[in-house]
Structure formats: structure tokens, C-alpha cells
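> A predicted structure for the sequence below; I have some questions about it.
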Amino acid sequence: MWSEGVGVAGQEKLKNASVLISRTGGIGSVVAYELAAAGVGKLVIIHGGVVRPTDLNRQLLMTHDSIGRPRIETVRARLLELNPRLEIVSLGEHASAENVLPLAEQENVDVVVDCAPMFAERFALADASLKLQKPMVECGMYDMEAQLTTLIPGETPCLRCLFPETPPTWKREFPVFGAVAGSVGAMAATEVIKLITGVGQPLAGRWMHFEFREMRFRTLKIDRRDDCPYCSPLNPNSHP
């Protein structure tokens, strides 16, 4: 790779890396595809359910022929078509407190990527990230807005600093534009590549917000909560 600071050494780091991605839908499908194309050696993918016609406007690893089949099967097949040397560890379930941590530990995950829409899944990923002391790229979208940050245990806020509880207004179904999901997914994949190779400056301690209707982008500084029961150094019961 000719990019400054990456080179052969950076490509070797990507080859030897293991990345866990929760949900390969509108955002996660692009994250997974870009990381597979970049030469990441192992992807650990968690995604339940079967392919539905309504998935096809944004879930770019799904195809019309795969409607009714488990999503994880289609994801695996499409990624291996792109990169047959890619190692894929797949779980056809949604992320939970029961499955994320043991899977991440077993596969020696280096980076966690949260592309899940539901907060129960997102909190499970965040807790595993803290427990394992591994960075988590946190991304999401709603309608024509998106957000992205990188959470590094011991350095930045954790997810529960930002969302102590599930927002009461959050619903399972919401408006989705595939182009918006794909845009933030590509940027999330870039964050992962930066974390693995050590090139550039990740969005650690910064929250990037995208407003695509007016094409306005802003970056906000975010801080750890001193009273956070999950990551605060002042709380003896927080995760290590």
C-alpha cells in the first residue's frame, strides 16, 4: 500500500488483525466490504435474521436471490467472493451480553465496530470493549443524519458516558437512506484501518456529526463522566 506511513508494515498489521463487526446491514455491510478489500485478515461478524426485500435498499452484501436465507450466509459468500483469503468467523445471532464477550475473547479481537441499531446490542459491545480493553468504533445513522466516534478504554468516554440509558424515543424502525449509511460505513472502516496501522489521528474523544440534507459536518469534543459506573477511574467498581 503506497499511502504514507502504511507500506508493507501497515499491510502486515492489517493482515494479522481481527475485527469484530456487529450487524452487516446498511452501515456494517460497507464496513465489512472495505475491510475485506483492505486486506484485514479476520472478520468476526455477528448478524441474525433472514434477508428481506426491504433490506436491499441499503444492505449491500445482500442480494435479491438471497431473500429468505440467513443474512450471515449471504454476507460470508459475498465477502469471500471479494477476498477468498479472508478468514470469517460468523454468528447468525444479534449481539448480546451472552455472546459478544466470549466470541471476542476466543477470536482475539483487536477492534470492535458497533453498527447495531438497538441499544441492548450496542451496550453489550461497549461492555466487551471495556472488559477486553480494545477500541470500539461507534457509528450510527437516522434518516439523513449520521454520527461517528472512536471509543478507547482508559482514554475516552465509553458508550454509557454518552448514553447512560436507552433513549426513550429510540424505536426499532426508522427512516434509512442507503447512501447515508454507506457514507458513514466507509468512514468507520477508515477509522478501523487507522487504529490497526497506527496511521493518522482517530476520532478519540471527538464525536463527528453529519447532516446530509444541508451537507453540514461538525466535530464535538466529548469527555468521560467522572461518575460513570462503567469506565470512570474514580469508581472502584468500574471495568478495569
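Structure received. Residues are numbered from 1 along each chain as shown.
> Can you spell out which helices and strands pack onto the helix ranked longest in the chain?
When the chain is parsed with DSSP state H, its longest helix is helix 178-197. Helix 178-197 sits against helix 7-15, helix 28-38, strand 111-114, strand 136-142, strand 145-151, strand 206-211, with contacts defined as 3 or more C-beta pairs under 8 Å, 6 or more residues apart in numbering; DSSP states H and E. Bear in mind the C-beta positions are built from the backbone N, C-alpha and C, glycine included.
> Quick check: buried residues in it?
For helix 178-197, burial by neighbour count (16 or more other C-beta atoms under 10 Å) applies to 178, 180-185, 187-197.
> Kindly report the same for stretch 117-132.
For stretch 117-132, the buried set under the neighbour-count rule, 16+ other C-beta under 10 Å, comprises 117-118, 121-130, 132.
> Contacts only, for the closest residue to Leu151 other than its chain neighbours.
In space, Leu151 comes closest to Met136 once its chain neighbours are excluded; the distance is 4.7 Å by C-beta to C-beta, 6 or more residues apart in numbering. By C-beta atoms under 8 Å, 6 or more residues apart in numbering, the contact list for Met136 reads 111-114, 125-126, 129, 150-151, 159.
> Next, work out how far apart Arg206 and Thr156 are.
Relative to Thr156, Arg206 is positioned 9 Å away (C-beta to C-beta, to the nearest Å).
> repeat for Pro168
From Pro168 to Thr156 the distance is 25 Å (C-beta to C-beta).
> Neighbour count: these two, which is higher?
Taking other C-beta atoms under 10 Å, Pro168 and Thr156 do not tie; Thr156 has more neighbours (22 against 5).
> So the more buried one, which state does it fall into?
Here Thr156 takes the coil state, with states given by DSSP: H, G, I helix; E, B strand; the rest coil.
> Can you give me the end-to-end span of stretch 23-34?
Criterion C-alpha to C-alpha, to the nearest Å; first-to-last residue distance in stretch 23-34 is 15 Å.
> what's in contact with it?
For stretch 23-34, the surrounding residues in contact (C-beta under 8 Å, 6+ apart) are 21-22, 43, 45-47, 55, 58-62, 71, 75, 78-79, 82, 94-95, 113, 115-117, 121, 139-141, 176, 178, 181-182, 184-186, 188-190, 192.
> repeat for stretch 62-76
With C-beta under 8 Å, 6+ apart as the test, stretch 62-76 has contacts from 24, 29, 32, 45, 47-53, 55-56, 59, 61, 78, 88, 90-92.
> For it, the averaged confidence score.
The average pLDDT for stretch 62-76 rounds to 95.
> Then stretch 17-36?
96.
> Can you mark which positions in stretch 209-226 are buried?
With burial defined by 16+ other C-beta under 10 Å, the residues of stretch 209-226 counted as buried are 210, 212, 222, 224-225.
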